[in-house]
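> What would the 3D arrangement of this be:
(2 chains)
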Amino acid sequence: MLELDDLRVHIGGHEIVHIEHLSLEPGSRLGLVGESGSGKTMTAKAVAGLLPDEARVSGSVRFNGRELLAMNDRQMSEVRGRKIGFVFQDPARSLNPMMRVGRQVSEAIRVHSELPRAAVARKVVALLEQVQLPDPPTLMRRYPHQLSGGQQQRVMIAAAIAADPEFLIADEPTTALDVTVQEEILRLLISLSEQRGMGVLFVSHDLGVIRFVCDRVAVIYGGAVVETGRTEDVIAAPRHRYTAALLAANPGMPRDDNFRAFIGQRLHTIPGSVPPVGTFPSGCRFRNRCVAASEACTAMPGVLDAGDGHRYSCWNPVEGL
Amino acid sequence: MIRHTLRSLATLLFAALIGSIVVFVLVHMLGGDVVTVLLGREAAPKDVQFMRQKLGIDRPLVVQYLHWLRGVATGDLGTSYGMGYDIFHEIVRRMGPTLILTLGGLLISIPLSLVLGTYSAINAKKVRGGIVDVVAQVGISIPAFWAGLLLVLVFGVRLGWLPTGGYVPFSDDPLGSIRSMILPVMALSLGVTAVFTRYVRTAMIDVMNEDFIRSAMARGRTRRGAALVHGVRNASIPLVTVAALQFGQLIAGAVVIENVFVLPGIGRLIVTATLGREVIVVQSLALVIMLIVLVLNFLVDIAYGFLDPRIRDKEAANA
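So this is what the prediction gives:
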């Protein structure tokens, strides 16, 4: 169980993330969705303790009751890889170019256990098989640049789950890949999550991808969660104006189950862009871009409940669809 | 890989040929006449003419150049005008102390700078990382002869632990030979270590911002662990380049150090030969030093392939 409470991240005097509450149940998949600059990646990094040096964090991130924010680098290294695995956006840059693939996949095992060499090698082969890479014994002797982008991301996934973590944080894991490969990687993540009962925190700018992967979704804007609930509920009946705008920007979405229909078909755009850090308006942070903004929006909206854990913070919500 | 090696080798030979011409021309432009040195300013023109003929320096420069080149290839450079030693064998004999000095300097400064530079980079934002960097900057600015004199003063004169100078051949007395080389190697490697340390530090700070370092930490490495396991090898590639480029500097430093510590290397030979206007000795030594630097760069070119699998594959693809 992963729980975030009153999590704030400051960089250069600006608050770029403020999450009131967010929790991830074992085995479930939570999507974190928002535009670039919304703070979703910073949130994921704050959980991992991998924020840049100049960032200041406060609040609480609890993993099975243990406070992660209170841990130092050494204590945190016991959690990273072993309890929580990570997959990043750009597999080509996330793999060490000078180290064989097998060494990188086995790294978490070697760091967290004292397994003999032969057992480690067997485990690496099994992991590469699990992520459906061909001919593991040969592949583990290769270097990252000798693999395709999709293969590299499979290697990253194998490395992330090597020490059998309970949770996986995936930060835009398919954004750098082309569409057909994207779908394969997403299917792989889903099946690994189901086989292993592994919870996933899935960060993406793409609601279509989130819907494909996640049971629950948290829509994030200006560093704060503006709407959260079961993915189906939020997509079928979005309440927050920002969620509605994101959905409108993804026309094929609501009913179509075919993954390919979800992506690359932007029609509507949200007016303006995410303001630079520190220049968000007071009250509802979305109000300067919102079509339904009113006088009331200058005050911070409270959290409203639409039932079944579907919560949102909006003064002028979308009513029915 | 083989084709790449052959191409590098061809480049090396061509560069050596061009270099030999440059060396020859430069040395002859220096002016000064060995005959004046040998016979004095008051010598009769007849004697001067006779001496020039005897030494073969009355011939056209092109002929002299080709004669010299043949001498280099066959190992017969004639005898010293003034001292009477066999030039080729003297150079070979003198190579020993110089190579021990310079290679010893590299052997010490490379690992040492990797340790210091990495330490400084990992602790870049702390005081202790900054101290290493400041010390390195001071080290760069200390001239080798000054470092040498200080070392002689402290370890040779005050403490009396090590000899203040002189050379003991390894075959005569292995321990004494090593003892006699400790201070010179230290003096020579000080500045180079400082330069290398700063390169390693910069390269390491860059590498620590790479995504794969973050990946390693995400798998459970501490920041330090990620730096040691993933950072050092990536940061060592720029060091190899710098080390090869600095080798010329190292030999220049050796000339000074050999004079401070009275070591019979090519550095001392080059000074006495220049003062004596021993043209053939000077230009041969310049050629030898150039060849050493060229060969080292050739080796570095090949070393890249071993260090970086991406370069290895690219070379294989081009072959």
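> so who does the residue of chain B found nearest chain A touch?
With CB to the nearest CB as the measure, residue B:220 is the residue of chain B nearest to chain A, at 3.2 Å. Glycine gets a C-beta too; all of them are placed from N, C-alpha and C. Applying CB atoms under 8 Å, 6 or more residues apart in numbering or on different chains to residue B:220 gives the contacts A:77-78, A:80-82, A:107-108, A:111-112, A:163.
> again, only this time at 7 Å
A:77, A:80-82, A:108, A:111-112 (CB atoms under 7 Å, 6 or more residues apart in numbering or on different chains).
> Excluding covalently adjacent residues, which one is nearest to residue B:125?
residue A:53 (6.9 Å; CB to CB, 6 or more residues apart in numbering or on different chains).
> where does the one you found land in three-state SS?
Following DSSP: H, G, I helix; E, B strand; the rest coil, residue A:53 is assigned to coil.
> residues near it, how many?
6 (other CB atoms under 10 Å in any protein chain shown).
> Local confidence estimate at residue A:212?
Turning to residue A:212, the model gives it a pLDDT of 91.
> Who are the packing partners of the helix or strand it falls within?
According to DSSP states H and E, residue A:212 maps onto helix A:207-213. Helices and strands touching helix A:207-213, by 3 or more CB pairs under 7 Å, 6 or more residues apart in numbering or on different chains; DSSP states H and E, are strand A:29-33, helix A:179-196, strand A:199-204, helix A:231-236, helix A:259-262.
> contacts for the longest one?
In other words, helix A:179-196. With CB under 7 Å, 6+ apart, helix A:179-196 has contacts from A:29, A:130-132, A:149-150, A:153-154, A:157, A:161, A:170, A:173-174, A:177, A:198, A:200, A:209, A:212-213, A:259-260, A:263-264.
> ok, now with 6 Å
Here helix A:179-196 makes contact (CB atoms under 6 Å, 6 or more residues apart in numbering or on different chains) with A:29, A:150, A:153, A:174, A:200, A:212-213, A:259.
> number of nearby residues for the closest residue to chain B within chain A?
Chain B sits closest to residue A:81 of chain A, with a gap of 3.2 Å, by CB to the nearest CB. Number of residues near residue A:81 (other CB under 10 Å) recorded here: 27.
> Going by secondary structure, the closest residue to residue B:210 other than its chain neighbours is in what exactly?
Sequence neighbours aside, residue A:93 is the residue nearest to residue B:210 in space, at 7.0 Å (criterion: CB to CB, 6+ apart). Using DSSP H and E, residue A:93 sits in helix A:91-94.
> Skip ahead from that helix and say which helix or strand is next.
Criterion used, DSSP H and E; the element after helix A:91-94 is helix A:101-112.
> Remind me what that following helix packs against, helices and strands.
helix A:117-130, helix A:149-160 (3 or more CB pairs under 6 Å, 6 or more residues apart in numbering or on different chains; DSSP states H and E).
> which strands and helices sit next to the first one?
It stands for helix A:117-130. helix A:101-112, helix A:136-139.
> residues touching the most centrally placed residue in chain A, list them.
Centroid check for chain A by CA atoms, centre = their mean gives residue A:203 as the closest residue, at 2.1 Å. Taking CB under 6 Å, 6+ apart as the criterion, residue A:203 is in contact with A:32, A:40, A:44, A:171-172.
> now residue A:219
A:33, A:226-227, A:243.
> for the host helix or strand of it, what is the average pLDDT?
Element membership for residue A:219 (DSSP H and E) is strand A:216-221. Mean pLDDT, strand A:216-221: 94.
> low-confidence ranges in the stretch 151-300 of chain A?
Under the criterion pLDDT under 70, the flagged ranges of the stretch 151-300 of chain A are A:251-268.
> before we move on, the earlier item: is it true that the residue of chain B closest to chain A lies in a helix?
No. According to three-state DSSP, residue B:220 belongs to no helix; its state is coil.
> Helix, strand or coil: sort out residue B:263 for me.
coil.
> Pretty sure residue B:167 is one of the things it touches, is it not?
Yes. Counting by CB atoms under 6 Å, residue B:167 is a contact partner of residue B:263 at 4.8 Å.
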